[in-house]
Structures are given as C-alpha cells and as structure tokens.
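> Have a look at this prediction, sequence included:
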Amino acid sequence: MKNILRILFIALLGNADVTAGEVPLDSLNLANVRQGWGNAASNKSVGGKPLTIGGQKFERGIGTHAVSVMYLRLQGQGQRFTASVGVDDEVAGQPASVEFQVIGDDKVLWESGLMKAGTPPRKVSVELGGVKTLVLVVEDGEDGIASDHADWADARVAMLGESRPEVIAMPVEEAVILTPKPGLAPCLHGPKIYGCRPGHPFFYRVPCTGERPLSYSAQGLPAGLKLDSQTGIITGTTPERGEYAVKLQAQNRHGKSERRFKLVAGDKLALTPPMGFNDWYAYLDHVTDAKMRYAADTMIANGMVDAGYQYVNVDDCWMGKRSADGNLAGNEKFPDMKGLADYIHSQGLKAGLYTSPGPKTCAGYEGSYQHEAQDARRFAEWGFDFLKYDWCSYRSIAPNAPELADYQKPYRQMGDLLAHQDRDIVFNLCQYGMGDVWKWGAAVGGHAWRTSDDLGIELNRVFQVALKNCGLRDYHKPGEWNDPDYIQIGWFNNTKAPFTPSESYSFMALWCLMAAPLFYSGDMERLDEFTLSILCNPEVIEVDQDPLGQCARVVDKHRFTFVLVKDLEDGSKAVGLCNSGEVAADVAAQWKDLGVTGPQMVRDLWQEKDLGEFTGHFSRRIPRHGVVLVRLNAKETGKRP
Ligand code: GAL
C-alpha cells in the first residue's frame with residue numbers, strides 16, 4: 001500500500017521531490033556475483049584493501065575483478081543507479097584495463113569506456129525507469145583479465161518504498177540441441193583433400209554417418225591402396241608423387257552417398273586441419289593407456305569418427321625412464337606404447353603423442369633433450385602419426401634473451417628428424433606463439449603451431465583468441481595451421497566446463513571459422529548428447545575442413561560485436577555473427593563487407609536449415625556470448641555439403 005501511494009505520488013509530482021530509499025549495494029548478499037578471479041567484496045577491494053581509485057578513498061562499495069557480472073533483481077522498483085567506478089589503486093603500475101557497463105533489461109544504459117590503473121574515478125548516474133533486471137558488468141579491456149581489480153565504489157540503487165534489490169544468479173540458458181541427428185541413409189564426410197608422402201604406410205578411415213552395415217567402395221584409388229568394403233578403412237602404401245582424384249562411395253539399404261577425395265602424394269601433410277582427441281584438459285596427469293583406448297573406442301561408438309575425428313593423441317605424462325642405452329619407454333600407466341599405437345591403428349584411427357625439446361616436459365617427465373634422433377626414431381617405430389613438441393624446460397637450455405634462431409633451433413631439428421622417418425608424422429609446435437612462430441613454423445617442418453598460451457577454461461579468451469588468430473590469417477593455409485588450443489566444452493578433470501549453451505556453440509563455430517585444428521579435449525567418459533551434437537555437426541565441420549583452408553576475416557568490428565566471413569571452395573561464404581558482450585545484441589552482416597551481391601540463400605548450419613533468401617544484409621539478435629553461423633550461397637539452395 002505504502003508503495004502504491006509512493007508511485008502515485010511520483011506520477012503526480014515527478015521524481016524530483018521524492019527521495020526514494022537508497023540501498024547501498026555493499027549491504028546485499030554478493031554470493032551470486034560471477035567474476036574472473038577471487039570473490040566480490042563489500043567495502044574493500046578484491047585484494048582486501050580499502051577501496052581506492054585514482055588516489056580517492058571510498059568508505060563503501062564493492063570490490064570485484066573482471067570479467068565480473070552482477071545481476072540485480074529490481075522488479076521495476078529501482079529509480080536511479082549511482083556509483084563511482086574505476087580500477088583499484090592496489091594494482092597501480094600493472095597492466096590493468098577494464099570497462100564498466102550498466103545494463104537494464106538487455107539495453108546498455110551507461111558505459112565507462114576504457115579505464116586503466118590510475119584513471120580517476122568516473123561517476124555513474126542513470127535513471128532506471130521500469131527496469132526489472134539491472135546488470136553491472138566489468139569487461140576486461142581486451143588485453144586479458146590479469147590485474148583487472150575493479151571497484152563499484154559508493155554503488156547505490158534508489159528504490160521505491162521499502163523494496164530492496166537482490167543479487168540473483170545469472171539466468172540459466174536451456175541447452176537446446178539444434179542439430180538434427182544423422183539420417184539412416186549414408187552420408188560421407190571428412191576432408192576432400194588429403195596429403196601423404198610417397199612410399200609411406202597409408203591408412204585412412206572413411207568418415208560416414210548412416211545405419212550400419214554400410215558397404216564402401218572407391219573409384220580411382222591408386223595401385224597400392226586397398227579399401228575394406230565393410231570397415232571403410234583404406235590401407236596400403238602411398239603411391240608415387242602426384243594427385244589422385246578418388247571418388248568414395250558408401251551404400252546401405254536406405255541409399256547411397258558419394259564424395260570426392262583427392263589424394264595429394266607429395267611433401268605436404270594435414271592439407272585440412274587435423275581433427276581428433278587430445279587428453280590434456282580431460283585427464284591431466286591421471287591419463288592412462290586404458291583411458292586412451294577407451295577414447296578411441298568411444299569416438300567410434302558415439303559417432304565422432306563418422307563426423308571426421310581421426311587422431312587419438314596422448315599429451316604429457318606418459319613417459320617413464322630411459323634405459324641404459326637411452327631408449328625411452330612409457331611409465332607404469334603406459335606399459336606398452338607400441339601396443340597402444342597398434343590398438344588405435346587397428347580401429348583405422350591415427351595415434352599421436354607429446355614430448356618436449358627440453359630435459360623435462362611441462363609436467364616434469366622425461367623430455368627429449370639430447371635424445372632427439374633416438375626419440376624420433378622410436379616414436380616412428382612405435383607407429384605414432386602426430387607429435388606435439390612443447391617448449392617447457394627448453395627454457396633452461398635456450399639463452400636468456402632468445403633470438404629468433406634460438407626459438408627455431410629445437411623445432412627445426414625435430415622437424416627435420418620427423419620428415420626423415422618412414423611414416424607420415426604431423427608436427428605440432430607448442431611454444432605459445434614466441435618469436436611469431438606463425439611466420440616460420442612451416443619452414444622448420446611444422447604443420448600447426450599454437451599461437452598463444454594455454455586457453456584454460458576461460459570463455460572470454462575464446463573470443464579474444466579467435467580475433468587474434470583471425471589477425472594472423474595470412475600465415476594460415478593448407479598444411480600450415482595456426483592452433484588456438486583444444487576444444488573444451490563438456491567435462492574436464494571432473495569439472496563441468498562453465499560454458500552456457502550459447503558459449504559452447506560459439507566455441508565450436510569460432511574454431512571452424514578459423515579453420516583451426518579440431519581437437520576435443522574433454523572427458524570421453526562424460527560426453528553428453530548436447531556436447532556431442534556440437535562436436536559432430538557435419539555442416540559446421542565442413543566449414544573447418546574446407547579445402548581452401550582459409551581462416552575467416554573480421555569485418556564490421558565493434559566493441560562487443562563483429563562479423564566473421566570465410567570464403568569456401570564452392571564459392572559460398574561461411575559467416576559468423578558474433579557477440580562477445582554480456583547482453584544480447586543485434587548483429588548484421590552487410591553484403592558489401594562480405595563481398596557478395598544480389599540475393600543470397602542463407603542456411604543456418606547448426607540447424608541444417610535454409611532460412612530463406614536475403615538481399616543486402618542478414619541480421620539476427622545474438623544472445624550473450626553467442627555466434628550465429630550461416631552459409632551464404634548465391635547459386636544452390638539447401639544442399640547439404
Ligand atoms: C603445456 C601445453 C599444454 C599441455 C601441457 C602438458 O605447456 O601448452 O597444452 O601440453 O603443457 O604439461
């Protein structure tokens with residue numbers, strides 16, 4: 001009643017004469033605030049000191065850390081939000097940079113712009129009208145969240161009557177599977193172009209969805225190669241140098257599928273980004289031989305292999321001690337490395353492993369330093385098809401201020417050794433982008449190189465890493481891939497990845513638009529239907545595996561929204577409408593930015609559904625941290641690739 005009278009009073013007299021009850025936000029329960037590091041604190045900084053911005057002390061307020069999101073339920077009772085915001089002085093001299101946003105019911109009401117350590121506090125005062133939910137956001141200033149200690153000093157909401165705001169949990173997004181299940185009729189997938197080296201053992205398992213049993217055949221398969229019509233596994237010896245146009249076929253009682261598959265026997269491998277499983281984020285140092293075999297079996301049973309995943313790669317922690325003659329063996333968790341590779345091969349899949357050019361790996365196991373040639377030989381004898389070479393303790397070998405040649409040395413050495421083995425071994429450089437590795441990774445024998453540090457499970461870095469990689473697109477081509485690290489949706493090391501459904505879709509969409517190597521690194525024992533549907537959408541993977549091997553380019557970049565466009569071999573374009581912000585936003589892809597004209601058929605790739613013909617532009621409201629992925633085609637419509 002009291003509230004109703006107050007509202008009437010305001011309606012008649014206007015706001016000016018009414019002083020609503022001001023609720024200091026530090027008096028609320030802050031348990032639901034989400035932030036990138038530490039916990040939101042009342043009346044002190046996130047580091048536990050008095051709140052201080054640009055030399056000015058504040059008695060009250062909230063200390064937080066980017067990226068921070070606070071949802072306040074106001075139920076239309078809030079009148080005004082006021083605060084003084086800035087980076088806390090406790091990180092003076094450090095590279096802190098943040099941006100504050102005040103958002104009411106999905107509309108940005110106020111933005112601070114970029115603020116750094118030492119920037120004087122900025123005052124916020126926004127009228128709230130009938131806002132139901134107020135969201136206070138601190139974004140990082142596009143340079144990572146390190147040192148981003150941020151204060152909402154003196155933060156208050158003027159409320160009507162006795163009502164009080166409440167800090168609520170972020171609304172939960174429903175996990176909706178957008179992709180239809182594969183049909184019963186056969187549908188061949190996988191790369192349309194495949195590099196291999198003459199005279200080496202050849203094996204390839206043809207990816208195909210559809211009801212089993214399937215019967216496989218191939219036209220134009222060069223002599224020396226044989227396709228098993230029941231398993232779809234091609235084995236034999238790679239023919240002499242040249243290009244071989246093969247037509248693969250698969251048939252069952254529901255129909256038939258055909259797909260071209262060009263073999264390029266020459267020097268290059270990985271002509272499309274390698275795809276598979278790597279155990280690192282899933283199991284860390286508790287990986288075992290049994291877990292790797294289980295991963296291989298599961299990839300077959302759950303359809304990942306049918307969608308194109310091929311490699312089963314052991315990361316760190318498999319090494320035991322060297323014998324007196326310097327030969328390396330697996331440790332007690334990996335008693336038979338050759339047996340493991342043989343097992344993976346027996347399923348038609350490829351096996352990968354990891355070591356370091358230093359004396360020790362990152363996790364402290366035996367590295368390859370001064371045993372490089374012996375190890376390369378041994379890995380080949382065991383039958384491994386992929387090597388990740390991780391800088392790690394090579395730090396102690398490299399000079400203090402390494403020059404380019406120092407960064408290159410260990411990789412050139414191993415690249416050369418691998419190229420001389422009697423099998424195709426894809427070489428993955430892992431040194432976190434030092435010395436602009438993208439400029440020379442291929443020259444030292446690499447097929448892919450990590451462009452940054454470990455991704456960790458931090459969503460904000462997913463958008464950042466994608467933007468960074470797109471900036472390196474000129475160094476990215478068939479057989480030479482920028483590697484943004486593994487896909488981490490689902491479960492890891494007994495923890496559920498903290499991604500919303502939109503974020504999970506975005507992760508995969510961005511990786512495919514970048515033509516990134518696609519390595520799933522989640523727990524294979526806990527792969528749920530939703531995660532699997534994201535990993536295995538064939539039209540999305542087709543974007544990743546397109547034979548042109550282009551990384552998308554960024555067009556129309558705003559602070560939190562941007563459009564990615566990638567040219568595909570058939571003349572169509574893959575387009576991502578991206579929103580890295582904390583609230584939904586409208587994003588439009590303009591034909592002039594995409595380089596297309598006239599009417600375009602727009603197909604939603606997650607849903608595998610044509611959305612219709614559009615002219616001039618295509619726009620959508622994109623959810624928080626969302627990407628809508630479409631394919632634009634001027635010629636054909638609704639055709640599954
Ligand atoms: C890191 C590497 C990770 C993982 C880990 C193993 O240096 O970037 O991807 O391989 O070592 O210890």
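Structure received.
> Export stretch 247-259 to PDB, keeping only CA atoms.
Extracted in PDB, the C-alpha atoms of stretch 247-259 (Å, rounded to 0.1, in the frame of the first residue of the first chain):
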ATOM      1  CA  LYS A 247      35.500 -41.000 -55.600                       C
ATOM      2  CA  LEU A 248      34.400 -42.600 -52.400                       C
ATOM      3  CA  GLN A 249      31.000 -44.300 -52.100                       C
ATOM      4  CA  ALA A 250      29.000 -45.800 -49.300                       C
ATOM      5  CA  GLN A 251      25.800 -47.600 -49.600                       C
ATOM      6  CA  ASN A 252      23.200 -49.200 -47.300                       C
ATOM      7  CA  ARG A 253      19.500 -50.300 -47.600                       C
ATOM      8  CA  HIS A 254      18.400 -46.600 -47.300                       C
ATOM      9  CA  GLY A 255      20.500 -45.200 -50.100                       C
ATOM     10  CA  LYS A 256      23.900 -44.200 -51.400                       C
ATOM     11  CA  SER A 257      26.400 -41.400 -50.800                       C
ATOM     12  CA  GLU A 258      29.400 -40.200 -52.900                       C
ATOM     13  CA  ARG A 259      32.200 -37.800 -52.100                       C
END
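> Look up how far W280 lies from the residue of the stretch 451-600 of the chain found nearest the ligand.
Nearest residue of the stretch 451-600 of the chain to the ligand: D454, at 4.6 Å (CB to the nearest ligand atom). The way it works is simple: take the backbone N, C-alpha and C, and place the C-beta from them, glycine included. Using CB to CB, to the nearest Å, one gets 9 Å for the distance from D454 to W280.
> Neighbour count for the two, which is higher?
Neighbour count, other CB atoms under 10 Å: between D454 and W280, W280 has more, with 25 against 15.
> any idea how far that one is from R423?
Taken as CB to CB, the span from W280 to R423 is 24 Å.
> Around G224, how many other residues sit close by?
G224: 15 neighbours (other CB under 10 Å).
> pLDDT value on it, please?
The model reports G224 with a pLDDT of 96.
> Need phi/psi at it.
Note on G224: backbone dihedrals following degrees, to the nearest 10 are phi 100, psi -10.
> That one contacts Y244, doesn't it?
No. The criterion here is CB atoms under 8 Å, and G224 misses it with Y244 at 10.5 Å.
> Spell out which parts of the stretch 201-350 of the chain neighbour the ligand.
280, 315-316 (CB under 6 Å from any ligand atom).
> pLDDT at the residue minimising distance to the centre of the chain, what is it?
In the chain, the residue lying closest to the centroid (CA atoms, centre = their mean) is F507, at 4.3 Å. Looking at F507, its pLDDT stands at 97.
> Next: D140.
89.
> what's it in contact with, if anything?
Neighbouring residues of D140 by CB atoms under 8 Å, 6 or more residues apart in numbering: 36, 66-67, 97-99, 148, 460.
> Show the residue spans covered by the helices in the stretch 501-641 of the chain.
Using DSSP state H, counting those that start in this stretch, the helices of the stretch 501-641 of the chain run over 501-513, 529-535, 538-544, 591-594.
> got a list of contacts for the last one?
Helix 591-594 has contacts (CB under 8 Å, 6+ apart) with 555-556, 563, 565, 573, 575, 597, 600, 615-617, 632.
> Report the buried residues of that helix.
Neighbour-count burial for helix 591-594, counted by 16 or more other CB atoms under 10 Å, picks out 591, 593-594.
> Also stretch 600-613?
600-606, 608, 610.
> The residues you listed in strands, which ones?
Secondary structure from DSSP state E places 600-604, 610 of these in strands.
> who does F562 bridge with?
Judged by DSSP bridges, the bridge partners of F562 are C578.
> Would you mind listing what in this protein touches the ligand?
Near the ligand, when you scan the chain using CB under 6 Å from any ligand atom, you find 280, 315-316, 354, 361-363, 390, 392, 430, 454.
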